[in-house]
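Peer 1: Pasting the sequence and the predicted coordinates here, then a few questions.
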Amino acid sequence: MRNRGWQRAAIAALAGVVLAVILAGSGAGRSYAAQGVDETLFKKIEANLMCTDGCGMPLATCDNATAQNMRQQIREQLAAGLTEQEIYSYMVGIYGEEVMAAPPPHVPFNLVAWVMPFLAILAGALIIYLALDRWVFDRRQAAHREPDAAEEADLEAYEGVLQREMKKYL
């Protein structure tokens, strides 16, 4: 009988510890909501960042441990009252500029990197258009050109040869 009481006490103590752990864990998850973390701002920041573990996925779609850690950092920064730009600066300071989903346009090299492919495509299309136009224009001009005197003299000589050859066989 005495052992049975001891077992009940041990089970009750274990249940108390488990309950305390569960409450502590769930309290940590609610602390951000209680501190007023703006979920729309969190989602916006999350969408503008990339996961840095090498998977190449946006943070919003990645679900590995690195992404979870980065989300936790964003929530902590929001709970601390940092602005969106301050959080971006914080993340760039830790992970480097490759953490940004889109490079900031105020950096001249980044602006060139975004604009140059479109300019190259336009320049290539212009070069192809001009080359085709010149090629077609030159052919049209050659077709409508009048033969000069040297070409007419050659034509007369060939016509004479043609007439003699035709007389031989006809």
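Peer 2: That came through fine. Residues are numbered from 1 along each chain as shown.
Peer 1: what ranges do the helices span in the protein?
Peer 2: 2-34, 39-47, 65-79, 84-95, 108-143, 149-169 (DSSP state H).
Peer 1: If you average the pLDDT over the fifth one, what comes out?
Peer 2: Confidence over helix 108-143 (mean pLDDT, whole number) is 85.
Peer 1: Does anything pack onto that helix? Which helices or strands?
Peer 2: Using 3 or more C-beta pairs under 8 Å, 6 or more residues apart in numbering; DSSP states H and E as the contact test, no helix or strand touches helix 108-143. The way it works is simple: take the backbone N, C-alpha and C, and place the C-beta from them, glycine included.
Peer 1: which residues sit in contact with Leu41?
Peer 2: Going by C-beta atoms under 8 Å, 6 or more residues apart in numbering, Leu41 touches Leu78, Glu84.
Peer 1: again, 6 Å this time
Peer 2: By C-beta atoms under 6 Å, 6 or more residues apart in numbering, the contact list for Leu41 is empty.
Peer 1: That one and Tyr169: what is the separation?
Peer 2: From Leu41 over to Tyr169 the distance is 95 Å, taken as C-beta to C-beta, to the nearest Å.
Peer 1: hang on, the earlier thing: can you tell me which of the helices of the chain is most buried?
Peer 2: helix 65-79 (a mean of 17; mean count of other C-beta atoms under 10 Å).
Peer 1: Any idea how far that one is from the middle of the chain?
Peer 2: 22 Å (C-alpha atoms, centre = their mean, to the nearest Å).
Peer 1: relative to helix 39-47, how tilted is it?
Peer 2: 140 degrees (axes from the mean of the first three to the mean of the last three C-alpha atoms, to 10 degrees).
Peer 1: Leu82: neighbour count?
Peer 2: The tally of other residues near Leu82 (other C-beta atoms under 10 Å) stands at 15.
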